[in-house]
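[1] sequence unknown, structure follows:
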């Protein structure tokens, strides 16, 4: 049974690979493929951080991955728990991983803003 949804950037192969680890626990939503059908309240920008919606609440970035690391069944396995199971480590790791994503998108010539959604 899925307990929420995880909104991520499907144009980033790193994001795609990593988020697939959570398929058993949450519904995955590629914000670029969802287009205008994806309704998010102001301040939620999936281009800046992945977004987890679970139990009526919304979490972004390292906090979202921390929540998943501490969910029943530990979706994402040991990798996610090692990277994001402790908030201070996740707070360091998430910006590094986001920089890797942004660098890839620039080198690949892909657009990196939600304003570019089709």
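    Great, that's in hand. Computed from a predicted structure; not experimentally measured.
[2] next one: phi and psi at residue 84?
    phi -130, psi 0 (degrees, to the nearest 10).
[3] ok, it to residue 76 distance?
    Residue 84 is 8 Å from residue 76, where distance means C-beta to C-beta, to the nearest Å. Every residue, glycine included, has its C-beta placed from N, CA and C.
[4] can you list residues touching both of the two?
    65, 68-69 (C-beta atoms under 8 Å, 6 or more residues apart in numbering).
[5] model confidence over stretch 69-79, on average?
    Confidence over stretch 69-79 (mean pLDDT, whole number) is 81.
[6] Identify each buried residue in that stretch, please.
    Neighbour counts over stretch 69-79 (16 or more other C-beta atoms under 10 Å) mark 69, 71, 75-76 as buried.
[7] Run through the helices of this structure in chain order.
    For the chain, the helices defined by DSSP state H occupy 13-19, 31-34, 61-69, 77-84, 87-107.
[8] Turn those into CSV, columns for distance to residue 5.
    Formatted as CSV, the helices of the chain follow (distance: least, C-beta to C-beta, whole Å):
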stretch, distance to residue 5
helix 13-19, 11
helix 31-34, 10
helix 61-69, 11
helix 77-84, 17
helix 87-107, 19
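[9] Mean pLDDT lowest where, among those helices?
    helix 31-34 - the lowest mean pLDDT of the helices of the chain, at a mean of 83.
[10] Packing partners of that helix?
    Packed against helix 31-34 by the contact rule (3 or more C-beta pairs under 8 Å, 6 or more residues apart in numbering; DSSP states H and E) you find strand 4-8.
[11] Mind listing residues that contact the strand it packs on?
    15-16, 19, 22, 25-31, 34, 38, 40, 46, 50-55, 64, 68.
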